[in-house]
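1. Using only what follows, build the 3D model:
(one chain, ligands or ions: 1)
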Amino acid sequence: MIYPIVAYGDPVLRTKAEDINLENPPMDLNELVQNMFETMYNASGVGLAAPQIGLSYRLFIIDSSLILEEDAEEVGLKKVFINAHKVEEDGDEWAFAEGCLSIPNISEDVSRPSRIKLRYYDENLELQEEVFEGLTARVIQHEYDHIDGVLFTDYLKPLKKRLLKRKLTKISKGDISVKYRMKFPVRR
Ligand code: NI
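-> Predicted coordinates for the structure are as follows:
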């Protein structure tokens, strides 16, 4: 099932998400994850976080193989992160043009550290602690921000933010051209 993707301006994208009770999950997690992958691929995304489909849980998925060049040394990763918590972030900062399925047609350079270490449960509900690097780390950092209520536009300089303000308001109102289904917070 393909979910509509929540657009910029919806409060769920600004809410720090909660852990899922894994003893007694509020939904079928396998089915949810499968539907999230379907939703992400349908929108040509490389990552999707639960708040982007309106669920304020610390869950996100990624498939970094979709943005790696064929001759890249890095191996792409398709992965599920449940109840993810950041342990550490380090390494030299580098800039990369990020986009977001909740903020269509906008892409801006964001600087982030090169490594991130996370503690999370995998799709088999086994606890993992792992360090990620390269583009995979970048995708994870972007998605991790979503479960903390942070968006990539938050990192932009004040001038850039001012220049984007009108575009962002248009997105909230659904006044955009986008190929996948979205849920807009502001009624036109
Ligand atoms: Ni995003």
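2. ok so E143 is a strand residue?
-> No: residue state for E143 (DSSP: H, G, I helix; E, B strand; the rest coil) corresponds to helix; a strand is not indicated.
3. Distance check, it against G174.
-> 24 Å (Cβ to Cβ, to the nearest Å). C-beta: built from backbone N, CA, C; applies to glycine.
4. So the most centrally placed residue in the chain versus D63, what's the distance?
-> By Cα atoms, centre = their mean, the chain has its centre lying nearest to E143, at 2.9 Å. In this view, E143 and D63 are 11 Å apart by Cβ to Cβ.
5. which residues pair with E89 across the strands?
-> Here E89 sits in beta bridges with I116, going by DSSP bridges.
6. where along the chain do the strands fall?
-> Remark: strands assigned in the chain by DSSP state E are 5-6, 47-49, 59-63, 78-100, 103-121, 127-132, 182-183.
7. in stretch 100-111, what counts as buried?
-> For stretch 100-111, a neighbour-count test (16 or more other Cβ atoms under 10 Å) marks C100, L101, S102, I103, P104, I106, E108, V110 as buried.
8. if we take those, which one ends up nearest to K183?
-> Checking the buried residues of stretch 100-111 against K183 by Cβ to Cβ gives S102 as the nearest, at 9.7 Å.
9. Return the residues in contact with that closest one.
-> By Cβ atoms under 8 Å, 6 or more residues apart in numbering, the contact list for S102 reads I5, V6, A7, Y8, D10, L13, Q52, L151.
10. OK, contacts around the closest residue to W94 other than its chain neighbours?
-> Among residues not flanking W94 along the chain, S114 sits closest, at 6.0 Å (Cβ to Cβ, 6 or more residues apart in numbering). Taking Cβ under 8 Å, 6+ apart, we find S114 in contact with D90, G91, D92, E93, W94, E133, G134, A137.
11. for D109, same thing?
-> A95, F96, A97, E98.
12. Please indicate which of the contacts of S114 has the highest neighbour count?
-> Highest neighbour count within those: A137, with 24 neighbours (other Cβ atoms under 10 Å).
13. Could you report the pLDDT at it?
-> Looking at A137, its pLDDT stands at 97.
14. So for R166, which of the strands of the chain sits nearest?
-> strand 103-121 (11.4 Å).
15. okay, that closest one in CSV with CA atoms only?
-> Coordinates of each C-alpha in strand 103-121 appear next as CSV, following Å, rounded to 0.1, in the frame of the first residue of the first chain:
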residue,chain,number,x,y,z
ILE,A,103,9.8,19.2,0.5
PRO,A,104,9.5,18.4,-3.3
ASN,A,105,11.6,20.3,-5.9
ILE,A,106,14.0,21.8,-3.5
SER,A,107,17.6,20.7,-3.1
GLU,A,108,20.3,22.5,-1.1
ASP,A,109,23.8,21.8,0.2
VAL,A,110,23.9,20.7,3.8
SER,A,111,27.1,20.1,5.8
ARG,A,112,27.2,17.1,8.1
PRO,A,113,29.9,15.0,9.9
SER,A,114,31.0,12.0,7.9
ARG,A,115,30.2,9.3,10.4
ILE,A,116,27.2,8.3,12.5
LYS,A,117,26.9,5.6,15.1
LEU,A,118,23.4,4.4,15.9
ARG,A,119,21.7,2.0,18.3
TYR,A,120,18.6,0.5,16.7
TYR,A,121,16.5,-2.6,16.2
